[in-house]
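Peer 1: how would this look folded up:
(one chain, ligands or ions: 2)
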Amino acid sequence: MSSTRKYKFTFGPWNISTGGDPFGPPVRAEVEYAAKIRAYKKLGFDGVQLHDDDVVPADWNAAETAKGVASLKKMLDGEGLFPEFIAPRLWEDPRTIDGGYTSNDPAHRKYALERSKRAIDIANMIGTRDIVLWLAREGTYIREAKDPMLAADRLLEAVDTLLAHDKNIRILGEMKPNEPMDQAYLPTPGHFLALCYRASDPARCGVLIESAHSILAGLDPSDDMAYTLWHKKLWSVHLNDQNGLKYDQDKTFGSVDLRRAFNTLWVLERAHYDGCIGLDIKAMRSTKQEQGTNHLANSLKMVHHLLDIVRSVDAAKVEAFRASRDYEGLEMYILEKLMGK
Ligand code: XLS
Ligand code: MG
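Peer 2: Ligands and ions are numbered 1, 2, ... in the order given. Reported below is the predicted structural model:
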């Protein structure tokens, strides 16, 4: 069955990067912020994902913040771009060394909450209701460092505090099992979903799933997404790819496992997923300056190519293969589709 569903595509300014990694310095010059914003439409994207400090520096006062937000909003409006979400960056400040909401230091927990509330205020000013929590440092290097049940209390308390700060916002947990922590708390979408149902307003608590994060947890992104869709709580996705259980690679969508990427889009398309499709992709460190956005263009191209394949799959044929338990036949049907045969 063919379809003409239109998706909204987004990425974050951090996806155009200088290529520095833990083992070496930057290899590309920093692209000026305004130039990054101007690149979106040309690359075929509709919206921008933002950390709080991608909008304004975290230490600006209220007046500076309001002015800074207004100026970025003007820039986005001028380009016809929408802001998809604001994510408080709770992993770079010295006060988040031991985590934000689950830090053992009460002053640091307070900082994390205050900074998150400020992220909500920024979201309101810039015009989005979605707050993404990537809980980067909420976890431990050694299990004895924190009380894991108290940590769950604190995470729930944080979500409730944010939901109470603004009655309109939605919280989207973006879970990742490890890196930078050895073990993260709430390591998978399923864990965060369970917490949502205990939140003060479950209807405003949902999930953003990033393919690489599911793969790092040994899970299949399409099944993670399908289960979350079943809960009506898949509110955003970050499509990318990942070569096994290593560091988070954020590779071009479909570049490692074409069939896994196909399955991801098959699930989204068939479930009439209506959230944004974010492409959280990193350029290879070896990429030259003038090719510094090709990973984004290529990933978007991969989404469109795979959507064409998804839309060419004959649902009746699939059902017939299923009914006759001919999974060998079904597999070959899908493989040939992927090979354009
Ligand atoms: C890191 C995350 C980050 C989020 C937003 O792994 O994917 O980029 O999408 O904080
Ligand atoms: Mg992400």
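
Peer 1: wouldn't residue 34 be in contact with residue 76 here?
Peer 2: No: Residue 34 is beyond contact range of residue 76, at 11.0 Å (criterion: C-beta atoms under 8 Å). Where you see a C-beta, it was placed from the backbone N, CA and C, and this is true even at glycine.

Peer 1: These two: which is more packed in?
Peer 2: Each of residue 34 and residue 76 has its neighbours counted (other C-beta atoms under 10 Å); residue 76 has more, 18 against 12.

Peer 1: residue contacts, that one?
Peer 2: Each residue near residue 76 by C-beta atoms under 8 Å, 6 or more residues apart in numbering is listed here: 37, 48, 82-83, 126.

Peer 1: what's the following helix or strand after the strand or helix carrying it?
Peer 2: Assigned by DSSP states H and E, residue 76 falls within helix 62-79. Later in the chain than helix 62-79, the nearest helix or strand by DSSP H and E is strand 82-87.

Peer 1: ok so, going back, now, which of the contacts of residue 76 lie close to ligand 1?
Peer 2: Subset of the contacts of residue 76 in contact with ligand 1: empty, counting by C-beta under 6 Å from any ligand atom.

Peer 1: for this protein, which helix is longest?
Peer 2: helix 106-126 (DSSP state H).

Peer 1: That one: what's the following helix or strand?
Peer 2: Following helix 106-126 in sequence order, the next helix or strand is strand 130-134 (DSSP H and E).

Peer 1: picking up where we left off before, of the contacts of residue 76, closest to residue 310?
Peer 2: For residue 310, the closest of the contacts of residue 76 turns out to be residue 82, at 25.4 Å, with distances computed as C-beta to C-beta.

Peer 1: Get me the contact residues on the stretch 151-300 of the chain for ligand 2.
Peer 2: Proximity of the stretch 151-300 of the chain to ligand 2, by C-beta under 5 Å from the ion, involves residues 210, 238, 280.

Peer 1: Report pLDDT for the last one.
Peer 2: Okay, so that is residue 280. Residue 280 is assigned 98 on the pLDDT scale.

Peer 1: Need the distance between the two termini of stretch 175-194.
Peer 2: End-to-end distance for stretch 175-194, by C-alpha to C-alpha, to the nearest Å: 12 Å.

Peer 1: Name the surrounding residues that touch that stretch.
Peer 2: Contacts with stretch 175-194, where a contact means C-beta under 8 Å, 6+ apart, come from 91, 102, 134-143, 148, 151-152, 155, 173, 195, 207, 209-210, 213-214, 216-217, 219, 224, 227-228, 231, 233, 247-248.

Peer 1: Sounds good, over and out.
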